[in-house]
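Asks: Sequence and predicted structure, then a few things I'm wondering about:
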Amino acid sequence: MHVHIILNPRADRGRALQLKDKLLEWGEGLGRLTLETTTRPGHAAELAQQAAAAGCDVVVAAGGDGTVHEIINGLVSGGRQDTLLGVIPIGSGNDFAYAFGLPLADPQVALRRIFTGAPQPIDLALLTDDRGRRLVVDNAIGIGFDAAVAIEASAITRFYGFVAYLVATLRVLAMHYDRPQLTIRYDDQVMQQRAIMMTIGLGPRTGGGFLITPAARHDDGLLDTCLVDPVGRLTILGLLPQVMKGKHVTSPHIKMLRHRQVTVESDAPLAIHTDGEIFARLQDNVRRVTIMCLPAAIRLIS
């Protein structure tokens, strides 16, 4: 079995690069192992396509959620879903890896599991916006407040991971945040309301520690949605500790739904993140998105 690692040297604030030689050393005796490092945004997707085309059996994302996101998009867009996916979580959030119980603090164990673990089919999602852009998502899509937090977190340099998201959440709370009027089509059901946030989850966690869709699974062919009413700042602050534990689902201010496809239309531009990566800012004027579950779209070694 030929395992090819794509390492993001900037993951974990640049500390991931220190693992390059160690990963090759740890892989000796396990099987055929090769490794490349990325040099720019989007490079991991290109390298994944090339590795799959060259006949590699497993393409491994060594980095954080952004690296996983790029590699999956590279494999799917290149028609290489038959290539197995592996993950060595060495990023700051690692929400995708968390969903599968992958080792979050031991890259050596994670590498060994890629050679000894069993592949399992996992669901992905396809997002299409009103500008014709299409993107594959592996963990979560955030619309509104959730996306504003991701945008704010991307500008924070002093902290990283969950702490950066927590600081960003408090900053967004202190500023103005929108409550757009949404028309939401869940499969055959239509709902209209104002909302501050909508998160569509394939996995349970986002932001490095927020269990927004705690019951979400990658093997049920469904999307889990958390829709938050247009509540005030104090209510949001009260909900934060519950969200960290996934206990917010019984709040009267929150609607938890499960469906195969959802279309969101807004009377105002939407901020959107995909797997923590910024997909749309308000100035992009995206007002309509459709998210469709792609059951068993790729296989992960876990």
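Replies: Right, received. Where do you want to start?
Asks: What is the burial count for residue 127?
Replies: Residue 127 is flanked by 18 other residues according to other Cβ atoms under 10 Å. Quick note: C-beta positions are derived from backbone N, CA and C, even for glycine.
Asks: And the one 5 residues further on, by the same measure?
Replies: For residue 132, the neighbour count with other Cβ under 10 Å is 6.
Asks: For residue 266, see how far away it is.
Replies: Per Cβ to Cβ, to the nearest Å, residue 132 is found 17 Å from residue 266.
Asks: before we move on, what about residue 276?
Replies: Computed with Cβ to Cβ, the distance linking residue 276 and residue 266 is 21 Å.
Asks: neighbour-wise, which of these two wins?
Replies: Between residue 276 and residue 266, counted using other Cβ under 10 Å, residue 276 has the larger neighbour count: 25 against 20.
Asks: Confirm residue 142 sits in a helix?
Replies: No. Counting by DSSP: H, G, I helix; E, B strand; the rest coil, residue 142 is not part of a helix but strand.
Asks: Could I get the contacting residues of the nearest residue to it once chain neighbours are set aside?
Replies: Nearest non-adjacent residue to residue 142, counting by Cβ to Cβ, 6 or more residues apart in numbering: residue 273, 4.5 Å away. Contacts for residue 273 were tallied using Cβ atoms under 8 Å, 6 or more residues apart in numbering; they are 141-142, 146-147, 150-151, 279.
Asks: cool, and residue 173?
Replies: Taking Cβ under 8 Å, 6+ apart as the test, what residue 173 contacts is 233, 236-237.
Asks: Check what pLDDT residue 87 gets.
Replies: Here, the pLDDT recorded for residue 87 equals 98.
Asks: Next up, the contacts around it.
Replies: 60-61, 68, 96-97, 100, 102, 110, 300.
Asks: Now for those residues: which two are most distant?
Replies: Spatially, the most separated pair among the contacts of residue 87 is 60 and 100, at 13.9 Å (Cβ to Cβ).
Asks: quick one on the thing from earlier: just give me the closest of the contacts of residue 273 to residue 293.
Replies: Nearest to residue 293, judged by Cβ to Cβ, of the contacts of residue 273 is residue 141 at 11.5 Å.
Asks: Quick check: nearest residue in space to the closest one, chain neighbours excluded?
Replies: Among residues not flanking residue 141 along the chain, residue 200 sits closest, at 4.4 Å (Cβ to Cβ, 6+ apart).
Asks: hey, what's that neighbour bridged with?
Replies: Per DSSP bridges, the residues bridged to residue 200 are residue 141, residue 225.
Asks: thought it was touching residue 291?
Replies: Yes. Counting by Cβ atoms under 8 Å, residue 200 does reach residue 291; the two are 5.4 Å apart.
Asks: which neighbours do those two share?
Replies: 125, 141, 223, 262.
Asks: Ramachandran angles for the last one?
Replies: By that I understand residue 262. Residue 262 adopts backbone torsions of phi -140, psi 140, taken as degrees, to the nearest 10.
Asks: so what's it up against?
Replies: Residues counted as contacts of residue 262 (Cβ under 8 Å, 6+ apart) are 184-187, 200, 223, 225, 290-291.
Asks: That one and residue 1, how far apart?
Replies: Counting by Cβ to Cβ, the gap from residue 262 to residue 1 is 38 Å.
Asks: likewise the second one?
Replies: Between residue 141 and residue 1 the computed distance is 33 Å (Cβ to Cβ).
Asks: quick one on the thing from earlier: of all the contacts of residue 87, which comes closest to residue 172?
Replies: Taking Cβ to Cβ as the measure, residue 172 sits nearest to residue 96 out of those, at 23.5 Å.
Asks: Any chance of the contacts of residue 173 in JSON lines with distance to residue 253 as columns?
Replies: Converted to JSON lines, the contacts of residue 173 look like this (distance: Cβ to Cβ, whole Å):
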{"residue": "233", "distance to residue 253": "13"}
{"residue": "236", "distance to residue 253": "9"}
{"residue": "237", "distance to residue 253": "13"}
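Asks: now the residues you listed: which count as buried?
Replies: residue 236 (16 or more other Cβ atoms under 10 Å).
Asks: could the contacts of residue 173 be laid out in JSON lines, adding distance to residue 177 and secondary structure?
Replies: Output for the contacts of residue 173, formatted as JSON lines (distance: Cβ to Cβ, whole Å; DSSP: H, G, I helix; E, B strand; the rest coil):
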{"residue": "233", "distance to residue 177": "9", "secondary structure": "helix"}
{"residue": "236", "distance to residue 177": "9", "secondary structure": "helix"}
{"residue": "237", "distance to residue 177": "13", "secondary structure": "helix"}
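Asks: Pick the one among the contacts of residue 173 closest to residue 243.
Replies: When those are compared against residue 243 (criterion: Cβ to Cβ), the nearest one is residue 236, at 9.4 Å.
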